[in-house]
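Novice: Structure here, sequence nowhere to be found:
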C-alpha cells in the first residue's frame, strides 16, 4: 500500500476531511502485502475504501436481476456557481467537398472612387464579366464572371488596372469546428489544446478505433444488479446493513448510443458487467469520447471512437458490497492484456500508485505496445505530498508507445498537485482548483454524487446508492489530463499514424514546450498540441 | 502506362521518326541569326528525394514548358524558357524511421524561368548536339488544405543549371530533340517541414525532356 496521501484527483463535493481520515484508516485496513492501485482522479474512492470494512462477512457475488433499466437521468451542470448553459454555439464542421478553395464565377473588386467602369467597358477589354453586383454593407463590387474562367487569373488582370484598388477571388472561409454542446463553453480544456482546429482536420476519429478505459468501469448500460450490503463501522460510526438491495444502473446519456461500447469486462467482479460504482471511469470516458455536437451537455476529444470499459479499480461501493477483487497490480495487468487482446488500440490508464516497482504491469505494458496499442498513463498527483515516484507511469520513459501525462491548469502552468520526474513525457489540461477555482477543473458528465456517496453524510442519511442519475461534474487530476492524450492518440491513429512509438513521437515533436526549453521534469516535452500534431509537415514548412 | 513512360515514349517516337531524314540528306545551312520557339515536356527527378517521396509518393514529376531562342551562325545561342511542375500529395510526418502520410492534401508547384546560353556543335547529319548553362529564378508554392495563410509557402529562389542535348532537323522549320538538364536551387528547402527533417535543401533536380522547336 502506498503510504502517501492518496489524492489523485478530486471532485467538487468530495469531503476532503473524510478523504484524509479515510486514507489514514486505509493504511491500516489494507495490509495485504500487495500494492493497491488507485484511480488517478478520485480521492473519493480512497475514502470509500476505508469505509468498506464490513462488520459481517460479505457475500462476494452479485446478480443481474434485470438486464434492462430506465434511461439515465441527467440533472445537468453541478457545482458551477452562476453557471448556465449558453445558447447553442456557432457552427458545425464545414464540409470540404469543393474542388477549389474559391468560388468559381466570382471576383471581388474595389474600383477607385469615381472610376467604376460599366460592364460593357470591361467586356470590351476582354474581362469575362457577366454582371456587376453592388452588395450592401460593402465598399467593393462583386463581378460575376464566366464560370469557366479562372477567378485568380481574372483578379490578377483586374488588379493591374489603374482604376482598381484591389481584386481577389472569392475564397471560401471555413468555420472552425465548434461543437454545439451547451456546456462546451465551460470546457476550457479542449480549446486549450487547439482541438477546434484539430477537429477541422479530423472530426472525432472513427468507430473503427477502440479506446479501452482501464479504470473504475463506465456507466455504459441500463441494468439492475442485486447486491448484499452488510453493515460496517467507519470513523467510530456504525452504518447499518442494507441487506439485499437492487441497484439501478444507467448508461451516461451523453456518452452516445450503446453501440459505442465494446467488449466490456470487469476484473473486480470477474464478469462482463463493468459498471462504474465510482464515477471516475465515466468522467474519464467522457473526456475521451463524450458524444459531441449533439446539442447536449459537453464534448469529448475523439467522439466517434468505440469505448471498451475495462474495470480494474474498485470504487467505494465495490468495497462495501464486498467485491472479490480490488485494484491491484495483477488485476491491472490483466486488464491491459484483455484490452489489447480484444482489439483496443489505445489504452487510457488514469490510474497509478507509488511504492515499489510493478514488473507485472511493466510486462503487460510491453505486451500492449508489441500488439500495436498506445498507452497513456496518469503521472500522479502527489507533488505536494513529497513528489514520490510513480510505480506504473514511471515505466513510460523506457517503453516507446507508453506515455506518462502530467496536468496543467487553465493558465497552462503545471497544476500544483501534478507529480514531476524524469518519467514525465507530456502534459495536458487536468484542472487546477487551488489556483483558479471550480471552473478551472475539467467538466464531464458522470454520476451525480448526491446519489452515490451517501455514506459520507453519516449513518442517519446512509442509503443505497443510485447509479442512474447523472450530472456534469468538475474533477481535477492527472486522471483528467490523461484522456486528452488518449483522445489525441485515437485521432492520430485515424489520421494514419499507426504505431504506438510513432504516436508518442508525434505528440512529443509537436507539443507546445513549457517550462525549461526541451524536455523537462514538469511538463515533459510540453502540452499536447492536437492540431499541429494532426497537421504534420509539408515540404518546406 | 505512367505519365513518365508516355513522355519518354513520345520522345523516342519523335526522335526515331526524324532519324531517316537525317540519314538521307545534308544538314541545312545555318542562317546568320535564327529565332525559334520551342515547347518542352519531360520528367524531373528532384534532388530532395526523401521530401518529395514522403509527400508526393515519388521523387519525380512531369514538367511542361516552352520558350524562345535566338541562335547564331557561330553555334552560340541564347534562350529564355519557363516551365511548370505541379503535383498534389499529402502532408506527412517522419517518425521512428517511418513516413506516415496524413491524408491532408498538399499541392506543390515549381515554376522556373531560366536564362540559358549555349553552343551547338557541328552537326552529324541532321543531328546537332549542344551544351549550355545558365541561371534562373524559381517560384515555389506550397499549399495545404486546413492551412493558415502563414503555413503556406510562396517564395522565389535563384539557381543555376547546365544542360546538354541534341536537335534533329525534321524539316527546315521543325526540330525535335531531347536534352538532359541538371538544376541546382540551393537553400530553397530545409528551413522547415519535412525537408528540414531530411536535411534536404536543394529544390533542383535532373530533368529529361523532349524539345520541339519551330523556326529557322
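Specialist: All right, it came through fine. Predicted, not measured: the structure shown is a model, and the values here were computed from it. Numbering: from 1, shown residues only, chains lettered A, B, ... in the order given.
Novice: Quickly check: the helix or strand harbouring residue B:143 near chain A or not.
Specialist: Using DSSP states H and E, residue B:143 falls within strand B:127-144. Yes. Judged by Cβ under 8 Å from any Cβ of the partner chain, strand B:127-144 comes into contact with chain A through B:140, B:142, B:143, B:144. Any C-beta I mention is one placed from the backbone N, CA and C, and that applies to glycine too.
Novice: residues contacting the residue of chain B most remote from its centre?
Specialist: Computed with Cα atoms, centre = their mean, the residue of chain B farthest from its C-alpha average is residue B:96, at 34.0 Å. By Cβ atoms under 8 Å, 6 or more residues apart in numbering or on different chains, residue B:96 lies in contact with A:400, A:499, A:501, A:502, A:505.
Novice: change it to 6 Å
Specialist: Residues near residue B:96 by Cβ atoms under 6 Å, 6 or more residues apart in numbering or on different chains: A:501, A:502, A:505.
Novice: ok so the last one is a helix residue?
Specialist: To tie it back to what came earlier, the one meant is residue A:505. Yes. With DSSP: H, G, I helix; E, B strand; the rest coil as the criterion, residue A:505 is assigned to a helix.
Novice: Now do the phi/psi pair for the nearest residue to it once chain neighbours are set aside.
Specialist: Spatial nearest neighbour of residue A:505, excluding adjacent residues (Cβ to Cβ, 6 or more residues apart in numbering or on different chains): residue B:95 at 4.2 Å. Torsion angles at residue B:95 (phi, psi; degrees, to the nearest 10) stand at phi -140, psi 140.
Novice: Pretty sure residue B:95 sits against residue A:501.
Specialist: No. Under the criterion of Cβ atoms under 6 Å, residue B:95 makes no contact with residue A:501, lying 7.6 Å away.
Novice: Tell me where chain B has helices.
Specialist: For chain B, the helices defined by DSSP state H cover B:3-24, B:49-56, B:193-197.
Novice: what about the residue nearest to residue A:505, neighbour count?
Specialist: Applying other Cβ atoms under 10 Å in any protein chain shown, we find 20 residues neighbouring residue B:95.
Novice: Show me what from chain B comes close to chain A.
Specialist: Neighbours of chain A within chain B, by Cβ under 6 Å from any Cβ of the partner chain: B:51, B:55, B:91-93, B:95-96, B:100-103, B:106, B:108, B:142, B:144, B:146, B:151, B:153, B:189, B:192-195.
Novice: Select only the buried ones of those residues in ChimeraX?
Specialist: Buried residues among the residues of chain B next to chain A (16 or more other Cβ atoms under 10 Å in any protein chain shown), as a ChimeraX selection:
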select /B:51,55,91,92,93,95,96,100,101,102,103,106,108,142,144,146,151,153,189,193,194,195
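Novice: so for stretch A:490-501, what's the average pLDDT?
Specialist: For stretch A:490-501, mean pLDDT rounds to 97.
Novice: Distance of the most centrally placed residue in chain B relative to residue B:46?
Specialist: Nearest to the geometric centre of chain B sits residue B:207, at 4.6 Å (Cα atoms, centre = their mean). In this view, residue B:207 and residue B:46 are 10 Å apart by Cβ to Cβ, to the nearest Å.
Novice: next one: residue B:212
Specialist: With Cβ to Cβ as the criterion, residue B:212 and residue B:46 are 24 Å apart.
Novice: Which of those two has more residues huddled nearby?
Specialist: More crowded of residue B:212 and residue B:46, by other Cβ under 10 Å: residue B:46, with 27 against 18.
Novice: residue contacts, that one?
Specialist: Residue B:46 makes contact with B:52, B:59, B:205 under the criterion Cβ under 6 Å, 6+ apart.
Novice: nearest residue to it other than its sequence neighbours?
Specialist: residue B:205 (4.0 Å).
Novice: Could you give the secondary structure assignment for residue A:212?
Specialist: strand.
Novice: Low-confidence stretches in chain B?
Specialist: B:1-29 (pLDDT under 70).
Novice: one step back: what helices or strands is the strand holding residue B:143 leaning on?
Specialist: Using 3 or more Cβ pairs under 6 Å, 6 or more residues apart in numbering or on different chains; DSSP states H and E, the elements in contact with strand B:127-144 are strand B:98-120, strand B:153-169.
Novice: Dump those strands into CSV; add distance to residue A:179 as well.
Specialist: Shown next, in CSV, are the helices and strands packed on strand B:127-144 (distance: least, Cβ to Cβ, whole Å):
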stretch, distance to residue A:179
strand B:98-120, 21
strand B:153-169, 32
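Novice: Of all these, which one is nearest residue A:331?
Specialist: Residue A:331 sits nearest to strand B:98-120 of all the helices and strands packed on strand B:127-144, at 34.7 Å, using Cβ to Cβ.
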